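J.: What shape does this take:
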Amino acid sequence: MKVAGSSGRFFHAHFPPLFRRCHASPFAPFAGRLDGAHAPRVARETGDASEEKTLNTDVPKWLVRTAALAAGLTLLAGCAIDKGSALAADFEEHWADTADVAEIDTYGANTLPFMGSATGTLILEDGTSADRVAELANELGAYVADNCEVTGEITAEGVTFAVAPDSGRTGQVVEMWESLTADDRVSSGAIDIGFQNEDSWTIEITAADGSGAMAVFNEMAADTDPYRPFSSATVTTLEVSTVQGAPTSLRVATDNEGRVPAAAIAAYEAVAAQYTVVGGALLSEHGTERASIVVATGADAAHADELARSAAPGLTDLEVTVESGN
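T.: Just a heads-up that it's a prediction; the model follows:
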């Protein structure tokens with residue numbers, strides 16, 4: 001996953017567009033059936049001879065439109081007016097009683113009548129093997145491929161990941177899941193796919209402490225082991241933060257284009273090398289970086305600020321403060 005660092009690299013990659021759009025007109029089967037071209041012809045006696053005449057079909061237009069609408073709604077009834085809820089119910093029914101699935105969580109979004117989407121999550125039993133996780137991920141990916149308005153997810157060992165509608169990308173996501181669950185610095189995580197299984201990804205990780213959070217972020221941004229990159233995605237965004245109550249509260253995040261806050265990280269690391277840092281937010285937002293660094297009580301705030309600005313001279317949105325006493 002190519003993340004933009006100080007060298008300008010991004011998380012950018014290029015999967016072929018694989019999601020489908022589900023469009024079908026409910027009125028297509030009735031096209032042309034209610035106009036004069038399809039009016040029946042009848043014969044009647046006129047004196048000594050028979051003549052063929054077209055039956056009067058001067059039906060008011062409003063009646064024709066009403067009939068077509070009623071016929072279309074009859075077809076749509078099979079799709080359910082609350083489509084998101086129906087998709088969620090179908091997901092639960094399909095995956096009910098699946099081995100190693102402890103719970104099924106669903107959410108249906110009913111955006112408009114007969115339109116909607118759903119997210120279904122398979123929460124696996126503790127201790128489910130990696131091979132079984134991969135098997136279920138591929139089965140769920142096939143389900144998503146056949147149901148393009150459904151996002152499919154799996155939660156296992158504290159990490160939730162979305163599957164893709166093809167086995168290649170799903171395999172890479174499973175590899176990322178394995179790396180995260182094997183990393184003692186990681187407490188939990190989520191790997192989300194873009195809207196309607198689009199080729200963009202968001203990875204959110206919670207680490208046990210500040211040093212672990214910073215290390216995991218840097219490793220993922222640098223495409224180093226144990227985190228190998230996805231072969232490509234349009235955009236991959238990354239956020240790593242610490243668990244609540246950690247001695248150092250830290251949040252590091254790319255922007256929604258995958259740009260890494262390289263200058264903000266440099267400022268933070270310069271301060272952390274000489275002072276105890278108890279909090280920090282290192283963010284890239286719409287291509288602009290900002291850093292907020294909090295050092296422990298008793299630190300020389302002016303000196304810490306000087307260290308940060310020397311390490312990142314181009315960073316204008318920078319604040320260094322001292323932890324407030326109780």
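J.: going forward, measure contacts and count neighbours with C-alpha atoms only.
T.: Noted.
J.: Tell me where the stretch 201-326 of the chain is predicted with low confidence.
T.: Residue ranges of the stretch 201-326 of the chain with pLDDT under 70: 223-226, 228-235, 325-326.
J.: where do the helices sit along it?
T.: Along the stretch 201-326 of the chain, counting by DSSP state H, counting those that start in this stretch, helices occupy 210-221, 262-272, 301-311.
J.: cool, and the stretch 51-200 of the chain?
T.: According to DSSP H, counting those that start in this stretch, the helices that the stretch 51-200 of the chain contains are 61-76, 83-95, 130-146, 167-182.
J.: Dump those into CSV; add distance to Val320 and mean neighbour count as well.
T.: CSV is the format used below for the helices of the stretch 51-200 of the chain (distance: least, Cα to Cα, whole Å; neighbours: other Cα atoms under 10 Å):
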stretch, distance to Val320, mean neighbour count
helix 61-76, 60, 14
helix 83-95, 47, 19
helix 130-146, 44, 18
helix 167-182, 32, 19
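J.: can you put those in TSV and add distance to Val294?
T.: Output for the helices of the stretch 51-200 of the chain, formatted as TSV (distance: least, Cα to Cα, whole Å):
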stretch	distance to Val294
helix 61-76	58
helix 83-95	45
helix 130-146	40
helix 167-182	28
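J.: can I get the ones you listed in TSV with distance to Tyr268 and mean pLDDT?
T.: Below are those laid out as TSV (distance: least, Cα to Cα, whole Å; pLDDT from 0 to 100):
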stretch	distance to Tyr268	mean pLDDT
helix 61-76	57	53
helix 83-95	45	96
helix 130-146	37	97
helix 167-182	24	91
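J.: Let me know which of those is the nearest to His303.
T.: helix 167-182 (37.0 Å; Cα to Cα).
J.: ok, residues contacting the closest one?
T.: 130, 133-134, 137-138, 141, 157-159, 161-164, 186, 189, 191, 226-228, 230-231 (Cα atoms under 8 Å, 6 or more residues apart in numbering).
J.: How many residues are close by Ala102?
T.: For Ala102, the count of nearby residues is 13 (other Cα atoms under 10 Å).
J.: so it makes contact with Glu125?
T.: Yes: counting by Cα atoms under 8 Å, Ala102 does reach Glu125; the two are 5.1 Å apart.
J.: Could you check the angle the biggest strand by length in the chain makes with helix 130-146?
T.: Ranked by residue count and defined by DSSP state E, the top strand of the chain is strand 101-112. Computed by axes from the mean of the first three to the mean of the last three Cα atoms, to 10 degrees, the angle separating strand 101-112 from helix 130-146 equals 20 degrees.
J.: Just the buried positions in strand 101-112, please.
T.: Val101, Glu103, Ile104, Thr106, Tyr107, Gly108, Ala109, Asn110 (16 or more other Cα atoms under 10 Å).
J.: hmm, back to that, tell me the residues that contact both of Ala102 and Glu125, please.
T.: With Cα under 8 Å, 6+ apart, Ala102 and Glu125 have no common neighbours.
J.: which residues does Glu285 form a beta bridge with?
T.: Taking DSSP bridges as the rule, Glu285 bridges to Thr288.
J.: Does it touch Gly258 like I think?
T.: No: if you go by Cα under 8 Å, Glu285 and Gly258 don't touch, sitting 9.8 Å apart.
J.: Comparing the two, which shows the higher neighbour count?
T.: Set Glu285 next to Gly258 and count neighbours by other Cα under 10 Å: Gly258 wins out with 29 against 17.
J.: Could you measure from that one over to Asp317?
T.: In this view, Gly258 and Asp317 are 19 Å apart by Cα to Cα, to the nearest Å.
J.: residues contacting Gly280?
T.: So Gly280 contacts Thr248, Ser249, Leu250, Arg251, Tyr268, Ala291, Ser292, Ile293, Val294 (Cα under 8 Å, 6+ apart).
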